[in-house]
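**Student:** below are the sequence and a predicted model for it; my questions follow.
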Amino acid sequence: MTAFPGPFLCGALLGFTTIIVPGLAVEVKVPAEPLSAPVGTTAELICSYSTSVGDNFALEWSFVPPGKPISLSHPILYFTNGHLYPVGSKAKRASLLQNPPTGGVATLKLSEVHPSDTGTYLCQVNNPPDFYTNGMGLINFTVLMPPSRPSCSQSGQTSVGGSVALQCSSSKGAPKPVYSWLHLGSSPTLSPGSMMQDEVTGQLILTNLSLASSGTYRCVATNQLGSAFCELTLSVNDISKGRVAGALTGVLLSVLFLSVAAFCLIRFWKERKKRPKETYGGSELREDAMAPCISEQMSSKEDASSGFQERTTSASTVLTTRPKLSMAV
């Protein structure tokens, strides 16, 4: 019966084979911690490898945007057959720290880094027939930049006893900024229980508002590269005073209206008293009035009779005078 070698013997044979057959594996080393660099500077993404460099040696750097899988990586540069080939949108800014990278150093230099350079970088070494490992290392890289000017806004009921929420947010900034709110001016300091703020979301909640809550509020966004701020003015209204003022205004308007009406009425009566009494016009009818035709006939008859009477009187006067004259003669 044939006996199989024990585990110790198998391990010894595998180790001996590895020693006598060099170059079976490609080992790539990259930093375990994420790397970062301020915006506009030159970044060095460290990558080293160990293998026996041959004629088939090839190096590739590629980039994966945040949140995308590695299968959607974009190439940055190749080194193969002794030549370097930068490609893609970063070609003008990408280079190698050592060129050619045949001494075990494959570090990538990226000049004038942009915020869009934030993501995952892949350093991959191929050296057939060394296929024992995948020969790839991943580096998480972040471009640092100060916060952009934040925007401030408010929502809620800005009256005494109400509550409002003040919101502050910066569209840019790496690492992500933290936010703090300040109440400016000489107003009395608000009680701690009436204001709650969140440094991460940039929200400030003010409860149980009073007139002392009015004033200017400043939000400051800060990270390790700098800070920026925005301000807004909060005006708290006293509804009760507004109602009293509205009622007083209504009363004053009513009194004013009545005064104007009384003045106009008194003036009207005075003007009427000053006017002369009205006489009956020709178009008005009276109880003793007569029809126009009858009135004219009566007038003509009266004129005729009066004339007859005058003539008679004058004639009698003449007749009476003549005898007196004759007698005198």
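**Tutor:** Structure received. Keep in mind that this is a model prediction, so the values were computed, not measured.

**Student:** contacts and neighbour counts: CA atoms only from here.
**Tutor:** Fine.

**Student:** buried stuff in stretch 107-114?
**Tutor:** Thr107, Leu108, Lys109, Leu110, Ser111, Val113, His114 (16 or more other C-alpha atoms under 10 Å).

**Student:** list the contacts for the fourth one?
**Tutor:** By C-alpha atoms under 8 Å, 6 or more residues apart in numbering, the contact list for Leu110 reads Thr42, Ala43, Glu44, Leu45, Arg93, Ala94, Ser95.

**Student:** neighbour-wise, which of the residues you listed leads?
**Tutor:** Tallying neighbours with other C-alpha atoms under 10 Å puts Leu45 at the head of the contacts of Leu110, with 23 neighbours.

**Student:** wait, it touches Leu35, no?
**Tutor:** Yes: counting by C-alpha atoms under 8 Å, Leu45 does reach Leu35; the two are 7.5 Å apart.

**Student:** find residues that contact each of those two.
**Tutor:** Contacts common to Leu45 and Leu35, judged by C-alpha under 8 Å, 6+ apart, are Ile139.

**Student:** just the contacts of Leu110 now: which is nearest Thr118?
**Tutor:** Ala43 (11.3 Å; C-alpha to C-alpha).

**Student:** okay, the residue nearest to that closest one when sequence neighbours are not counted: pLDDT?
**Tutor:** With C-alpha to C-alpha, 6 or more residues apart in numbering as the criterion, Ala43 has its nearest non-adjacent residue at 5.2 Å, and that residue is Leu110. The model reports Leu110 with a pLDDT of 96.

**Student:** quickly list what Leu110 is bridged to.
**Tutor:** Ala43, Ala94 (DSSP bridges).

**Student:** mind putting the buried residues of stretch 107-114 into CSV with distance to Tyr121?
**Tutor:** Listed next are the buried residues of stretch 107-114 as CSV, based on distance: C-alpha to C-alpha, whole Å:
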residue, distance to Tyr121
Thr107, 11
Leu108, 10
Lys109, 12
Leu110, 11
Ser111, 15
Val113, 14
His114, 15
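
**Student:** which one among these gets closest to Cys264?
**Tutor:** Closest to Cys264, out of all of those and judged by C-alpha to C-alpha, is His114, at 79.7 Å.

**Student:** now do the phi/psi pair for the closest one.
**Tutor:** Per-residue torsions, His114: phi -110, psi 160 (degrees, to the nearest 10).

**Student:** quick one: the residue nearest to it when sequence neighbours are not counted from Ser111, how far?
**Tutor:** Leaving aside its sequence neighbours, His114 sits nearest to Val39 (C-alpha to C-alpha, 6+ apart; 5.8 Å). Val39 is 10 Å from Ser111, where distance means C-alpha to C-alpha, to the nearest Å.

**Student:** the helix or strand hosting Ala221 packs against which elements?
**Tutor:** Following DSSP states H and E, one finds Ala221 within strand 215-223. Strand 215-223 sits against strand 178-183, strand 226-234, with contacts defined as 3 or more C-alpha pairs under 8 Å, 6 or more residues apart in numbering; DSSP states H and E.

**Student:** which positions within that strand qualify as buried?
**Tutor:** Gly215, Tyr217, Arg218, Cys219, Val220, Ala221, Thr222, Asn223.

**Student:** partners of it, with directions?
**Tutor:** strand 178-183 (antiparallel), strand 226-234 (antiparallel).

**Student:** nearest to Leu77, of those?
**Tutor:** Nearest of the strands paired with strand 215-223 (C-alpha to C-alpha): strand 226-234, 33.5 Å.

**Student:** can I get the CA coordinates of that closest one in CSV?
**Tutor:** In CSV, the C-alpha atoms belonging to strand 226-234 read as follows (Å, rounded to 0.1, in the frame of the first residue of the first chain):
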residue,chain,number,x,y,z
GLY,A,226,-10.5,77.8,5.1
SER,A,227,-13.9,79.3,5.9
ALA,A,228,-16.7,81.3,4.4
PHE,A,229,-19.9,82.8,5.7
CYS,A,230,-23.3,84.2,4.9
GLU,A,231,-25.8,86.4,6.8
LEU,A,232,-29.5,86.9,7.1
THR,A,233,-31.7,89.3,9.1
LEU,A,234,-34.6,87.9,11.2
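
**Student:** need the contact partners of it.
**Tutor:** 146-153, 158, 168, 213-222.

**Student:** now do 10 Å
**Tutor:** 145-154, 158, 164, 166, 168-170, 173, 177-184, 213-222 (C-alpha atoms under 10 Å, 6 or more residues apart in numbering).

**Student:** pull out the buried members of those.
**Tutor:** Applying 16+ other C-alpha under 10 Å to the contacts of strand 226-234 flags 145-150, 152, 154, 158, 164, 166, 168-170, 173, 177-181, 183, 213-215, 217-222 as buried.

**Student:** picking up where we left off before, now mean pLDDT and distance to Leu72 too, for the strands paired with strand 215-223, in a markdown table please.
**Tutor:** Formatted as a markdown table, the strands paired with strand 215-223 follow (pLDDT from 0 to 100; distance: least, C-alpha to C-alpha, whole Å):
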| stretch | mean pLDDT | distance to Leu72 |
| --- | --- | --- |
| strand 178-183 | 94 | 32 |
| strand 226-234 | 95 | 34 |
